[in-house]
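> give me coordinates for this.
(one chain, ligands or ions: 1)
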Amino acid sequence: MPSQLTQLAYYSSFDSDQGADLDAILKSAHVHNSKNFITGALWLYKKYFIQVLEGERKKVSETYHRICQDARHSDVVLVGCVDIMARDFDNWWMAYVMDTPQNLDLILKYSCTNKIAPEKLTHERIVQLLLNAQKK
Ligand code: FAD
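This next block holds a predicted model:
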């Protein structure tokens, strides 16, 4: 039986005064995700990371648990984890979504305000937000 594809969305916080070592995080994500056939997208927004991971269920689970242990962020909140038929981010081991002014209209669309409150976003909205933002 083929392995079940799963998609997971979470958000977490980091200390914005310290900054995030984004290059190192993305490098590590690319190395591990390409080995594990994990795809997805990551947005660093203000003091939040918002990320979607997708791939074989067990690999997504292992990757998520590894990410949760990472001291470079904290307060990791799982928003959703669902079985999927096909990947949404199939071209990206880990797309990075730039926090640009051009994404403001998307933030407005998905949050009904001029800033994202991750606790108000559903799994589906996070996926749509990251998909649309990374296409820009
Ligand atoms: P190693 O690289 O050997 O590191 C061991 C532990 O040390 C890590 O678990 C981490 O907690 C910590 N660590 C590593 N580098 C640093 C550093 N520069 N500063 C402080 N602590 C550090 N990994 C993926 O595989 N796929 C992803 O999509 C992914 N996305 C991530 C998104 C975010 C927001 C963050 C913060 C991390 C992400 N990572 C991702 C990295 C992940 O947390 C692990 O560091 C990585 O998977 C390597 O695991 P490892 O066991 O080989 O750890």
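
> spit out the contact partners of Phe34.
Small correction: residue 34 is Ser, not Phe. Ser34 is in contact with Trp93, counting by CB atoms under 8 Å, 6 or more residues apart in numbering. The way it works is simple: take the backbone N, C-alpha and C, and place the C-beta from them, glycine included.

> now it, what's its secondary structure?
Recorded secondary structure, Ser34: helix (DSSP: H, G, I helix; E, B strand; the rest coil).

> what pLDDT does it get?
On the pLDDT scale, Ser34 is placed at 95.

> please identify the buried residues of the lowest-mean-pLDDT helix or strand in the chain?
Least confident helix or strand, the chain: helix 104-111 with a mean of 72, by mean pLDDT, DSSP states H and E. Burial within helix 104-111, assessed by neighbour count using 16 or more other CB atoms under 10 Å, is assigned to 106-107, 110-111.

> point out where the chain drops to low pLDDT.
Of all residues in the chain, those with pLDDT under 70 make up the ranges 1-2, 104, 112, 135-136.

> need the helices for it, in chain order.
With DSSP state H as the criterion, the chain has helices at 22-36, 57-68, 104-111, 123-135.

> which residues are contacting the last one?
Helix 123-135 is contacted by residues 7, 9, 11, 41, 43, 50, 52, 79-82, 88-89, 92, 95, 97-98, 103, 106-107, 110, 116, 118, 121 when judged by CB under 8 Å, 6+ apart.

> what's opposite the residue nearest the centre of the chain in the beta bridge?
Closest residue to the average C-alpha location of the chain: Gln51 at 1.1 Å, with CA atoms, centre = their mean. Gln51 has these beta-bridge partners by DSSP bridges: Tyr10, Leu42.
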